[in-house]
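> Provided below for reference: sequence and predicted model.
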Amino acid sequence: MVCAVEPVGRMTLLGRRISYLFTEQQTRRNLRALSKFLALLVVVVLVYATVFHVLMALEGQRHSWLSGLYWTLVVMSTLGFGDITFQSDAGRAFSLVVVLSGIVLLLIVLPFAFIRYLYAPWLEAQIRSRAPRRLPSQVQDHLIITHYDVTAQGLVKRLTESGAPYVVIEADHARAAKLHDEGISVIVGEPDSKETYVAANAAKARLLYANHDDATNANITLTTREVAPFLAVAALVENAASSDVLELAGATHVLPLKQRLGEQLAARVVAGGRSGQVIGEFEGVLIAEFPVHNTELAGQSLRAARLRERLGVSVIAYWERGHLYPAQADSVLDEYAVIVVAGAEEQIALLDRALRVPGTNEHPVVVLGGGKVGRATTRALQRRGIEVHMVERARELSPILAELPAQVYYGEASELRVLENAGIHQTPAVVLTTNDDATNIFLALYCHRLNPDARIVSRITHERNLEAIHRAGAVFVLSYARLGVQSVLALYQQRDLVILGEDVELFWVPVPHSLGGMKLEESGIGERTGLNVIGVRTPEALVVGPTGGAELEPGGELILAGTPAQRRIFEDTFGVESSFATGVPLVRWRGRRARARQ
């Protein structure tokens, strides 16, 4: 369930607004300025009323003081002169002065002063009073997000869909009120204030995600430790050199997302004589990708390929023309498809040998962009023994790039000469690492035209450009925000991080009571939900790539692959409570926390 802030009564809100008006220093200054102007206005009216009586006496007219005030206010407000008028030129000149000063003071300055010094502060007080200040004390095992950025937006969406508790900390009252009105669980507070984390129930939380700059994240971590010494803190790091500082400050997990983004892009490169590439591990199960091009699988359906029966591996999904599709028995693999499989290490090795194609392209991989992501990609490829040719237009980066194990070509990546020098026509793969989506789309289209057989892997910044860059020729695309969301969720759920792409993810659930004692083939999990069963865990062992005859024991667990929508279908169909933020991961987390106390 998403966190709800404590309800506030109308009288409490009114009290907050009045308190704000008289306690804020800027507001007190505004009220003093408004009071001075009103006092000046009263003095001007009294002076005009006095001069009115003097001039009327010179003309031989007698009026009461109330009539003098009446005439002054009527003339200053430009309503007219009524039945009291001057007959002399001096009196009429005085009337002109009163009219002109009235236009300035009453029709221009007074409305501005009222709005600027009273109404606007009252509205601001109204906004501030709407912004929640603390979580209910009963909220626990939640995720605390210290800044609402693009990664936090993705996190909030996923947590809301799954009903997991969370709270966003926002220092700006107006923005916090806006987020609250949008249905986001938020509290107002400074990210470096101890009171903020007391209000956020940090001592009862499961994870805190610090996603400011490196210096602020270190401050947040130290402040949090005062309130919750055993809370797990995941700190975003922009500069890899700051990782040690954040760990010294007390961060449990340091997230160098740009470095991880480069490593994830490198993991999608198939080169160097291998037919496939391991991209992750989940609960002891290896996840790998294998191109179908020039193998026996091209043109076959997954049922006809019989990979599970022959080699024990499970096909989770497959890439085709830039899109990731869930694996179905009748799915036919295109010549340029890439299958995503799960299995034990020896099963993946068997598949690698079975699909290895003679004469694999071992030319250097071309990396376009020498920024942090490009450098991380190059280092990751070098660790796999893959040669890299990098293209970078900024020569001022040459001292940094000289340390890389790569041949660097300086110039515009859009120039044919530069790309040909880097080996675009021979390369097995191109990695696009610039932080501009339009540039990456352009380069994907250009490189695909120059080398249709090259596997193009790219990063993007905005998810809205995902479809465009796929159409341009990229077979795998990963955004910084999506990687951040998946990384934090993996820590929150206490599972291994595996990036498959699109919305497909790996997760595990307890065997539903309705399926206890059934054979896997009798359960109908795949047919009814679209999920793939990757493994079955019993108290005795973990079976990877189970056959249809595998028995689903009560008390066991299923490792599944699919989209969040398919996961919800599974939960609704078989009556399983979502384990997104509860269940076994929570038990494991508490166990780690208990060991930390010891």
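Nice, thanks for sending it over. Residues are numbered from 1 along each chain as shown.
> Show the residue spans covered by the helices in the stretch 101-250 of the chain.
For the stretch 101-250 of the chain, applying DSSP state H, counting those that start in this stretch gives helices covering 110-114, 120-130, 150-162, 173-181, 194-199, 214-227, 243-249.
> I'd like these as JSON lines, with mean neighbour count appended.
Heads up, the C-betas are built off the backbone N, CA and C, glycines and all. Listed next are those as JSON lines, based on neighbours: other C-beta atoms under 10 Å:
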{"stretch": "helix 110-114", "mean neighbour count": "14"}
{"stretch": "helix 120-130", "mean neighbour count": "18"}
{"stretch": "helix 150-162", "mean neighbour count": "19"}
{"stretch": "helix 173-181", "mean neighbour count": "18"}
{"stretch": "helix 194-199", "mean neighbour count": "18"}
{"stretch": "helix 214-227", "mean neighbour count": "20"}
{"stretch": "helix 243-249", "mean neighbour count": "17"}
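> averaging pLDDT over each of those, which comes out lowest?
Mean pLDDT is lowest for helix 120-130 among the helices of the stretch 101-250 of the chain, at a mean of 73.
> chain center to that helix, what's the gap?
Relative to its chain's centre, helix 120-130 lies at 28 Å (C-alpha atoms, centre = their mean, to the nearest Å).
> which stretches of the stretch 451-598 of the chain form strands?
Assigned by DSSP state E, counting those that start in this stretch, the stretch 451-598 of the chain shows strands spanning 455-460, 474-479, 505-510, 532-537, 542-544, 557-562.
> which of those is buried the deepest?
strand 455-460 (a mean of 27; mean count of other C-beta atoms under 10 Å).
> ok, now which ones touch the residue most central in space within the chain?
Closest to where the C-alpha atoms of the chain average out (C-alpha atoms, centre = their mean) is Thr151, at 1.4 Å. Thr151 makes contact with Asn211, Tyr480, Ala481, Gly484, Val485, Val488, according to C-beta atoms under 8 Å, 6 or more residues apart in numbering.
> show me what contacts the spatially closest residue to Asn239 that is not a sequence neighbour?
In space, and not counting its chain neighbours, Asn239 is closest to Asp214: 5.9 Å by C-beta to C-beta, 6 or more residues apart in numbering. Neighbouring residues of Asp214 by C-beta under 8 Å, 6+ apart: Val237, Glu238, Asn239, Ser242, Val245, Leu246.
> Dump the residues you listed into JSON lines; add distance to Ala39 as well.
What follows is the contacts of Asp214, written out as JSON lines (distance: C-beta to C-beta, whole Å):
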{"residue": "Val237", "distance to Ala39": "56"}
{"residue": "Glu238", "distance to Ala39": "54"}
{"residue": "Asn239", "distance to Ala39": "56"}
{"residue": "Ser242", "distance to Ala39": "56"}
{"residue": "Val245", "distance to Ala39": "56"}
{"residue": "Leu246", "distance to Ala39": "56"}
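> picking that back up, and the strands of the stretch 451-598 of the chain, which one averages the lowest pLDDT?
Looking at these, the bottom one is strand 542-544 with a mean of 76.
> In terms of secondary structure, what does that strand contact?
Of the remaining helices and strands, those touching strand 542-544 by 3 or more C-beta pairs under 8 Å, 6 or more residues apart in numbering; DSSP states H and E are strand 532-537.
> ok, and what's touching the strand it packs on?
Residues outside strand 532-537 that contact it (C-beta under 8 Å, 6+ apart) are 282-283, 285, 314-317, 326-327, 342, 506, 508, 520, 525-526, 542-546, 550, 552, 556-562.
> That one: how far from the chain's middle?
Going by C-alpha atoms, centre = their mean, where strand 532-537 is centred and where its chain is centred differ by 30 Å.
> Okay, now the sheet partners of it, with direction.
When pairs are called by DSSP bridges, strand 532-537 turns out to pair with strand 542-544 (antiparallel), strand 557-562 (antiparallel).
> just checking, what packs against the strand or helix carrying Ile441?
Assigning secondary structure by DSSP states H and E places Ile441 in helix 437-450. In terms of contacts (3+ C-beta pairs under 8 Å, 6+ apart), helix 437-450 is packed against strand 365-368, helix 416-422, strand 429-432, strand 455-460, helix 466-471.
> tell me which residues in it are buried?
Asp437, Asn440, Ile441, Phe442, Leu443, Ala444, Leu445, Tyr446, Cys447, His448 (16 or more other C-beta atoms under 10 Å).
> coming back round to it: please identify which of the helices and strands packed on helix 437-450 is closest to Val188.
Smallest distance to Val188 across those (C-beta to C-beta): 33.1 Å, for strand 455-460.
> ok so, going back, make CSV from the helices and strands packed on helix 437-450 and add distance to Val74 to it.
What follows is the helices and strands packed on helix 437-450, written out as CSV (distance: least, C-beta to C-beta, whole Å):
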stretch, distance to Val74
strand 365-368, 77
helix 416-422, 81
strand 429-432, 74
strand 455-460, 68
helix 466-471, 67
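> wait, which of these is closest to Leu307?
With C-beta to C-beta as the measure, strand 455-460 is the member of these nearest Leu307 (21.2 Å).
> angle of the closest one against helix 437-450?
170 degrees (axes from the mean of the first three to the mean of the last three C-alpha atoms, to 10 degrees).
> Pull up the pairing partners for strand 455-460, direction included.
Using DSSP bridges, the strands paired with strand 455-460 are strand 429-432 (parallel), strand 474-479 (parallel).
> Compare those strands and give me the one nearest Met56.
When the strands paired with strand 455-460 are compared by C-beta to C-beta, strand 474-479 sits nearest Met56, at 79.4 Å.
> Kindly write the ChimeraX command that selects the buried subset of the contacts of Thr151.
For the buried members of the contacts of Thr151, the matching ChimeraX selection, counting by 16+ other C-beta under 10 Å, is:
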select :211,480,481,484,485,488
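> Which one of the contacts of Thr151 is nearest to Thr160?
For the contacts of Thr151, the nearest to Thr160 is Val485 (12.6 Å; C-beta to C-beta).
> Which residue, other than its chain neighbours, is closest to that closest one?
Once flanking residues are discounted, Val485 sits nearest to Gly154: 3.9 Å by C-beta to C-beta, 6+ apart.
> what's the answer for Ser88, then?
Nearest residue to Ser88, sequence neighbours excluded (C-beta to C-beta, 6+ apart): Glu59, at 5.6 Å.
> what separates the one you found from His53, distance-wise?
Glu59 is 11 Å from His53, where distance means C-beta to C-beta, to the nearest Å.
> Just want to know which of these two has more residues nearby.
Taking neighbours as other C-beta atoms under 10 Å, Glu59 and His53 compare with His53 leading, 17 against 12.
> Which strands and helices lie in contact with the helix or strand where that one lies?
Assigned by DSSP H and E, His53 belongs to helix 25-58. Applying 3+ C-beta pairs under 8 Å, 6+ apart, one finds that helix 25-58 contacts helix 10-23, helix 65-76, helix 89-102, helix 110-114, helix 120-130.
> Turn those into CSV, columns for distance to Phe476.
Formatted as CSV, these follow (distance: least, C-beta to C-beta, whole Å):
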stretch, distance to Phe476
helix 10-23, 51
helix 65-76, 74
helix 89-102, 72
helix 110-114, 58
helix 120-130, 44
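> Contacts only, for the residue nearest to Val485.
Gly154 neighbours (C-beta under 8 Å, 6+ apart): Ala481, Arg482, Gly484, Val485.
> a markdown table for those, including pLDDT?
A markdown table is the format used below for these (pLDDT from 0 to 100):
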| residue | pLDDT |
| --- | --- |
| Ala481 | 89 |
| Arg482 | 87 |
| Gly484 | 92 |
| Val485 | 91 |
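> Can you flag which of those belong to helices?
Ala481, Arg482, Gly484, Val485 (DSSP state H).
> So the third one sits against Leu261, correct?
No - with the criterion set as C-beta atoms under 8 Å, Gly484 and Leu261 do not qualify as a contacting pair; they are 9.1 Å apart.
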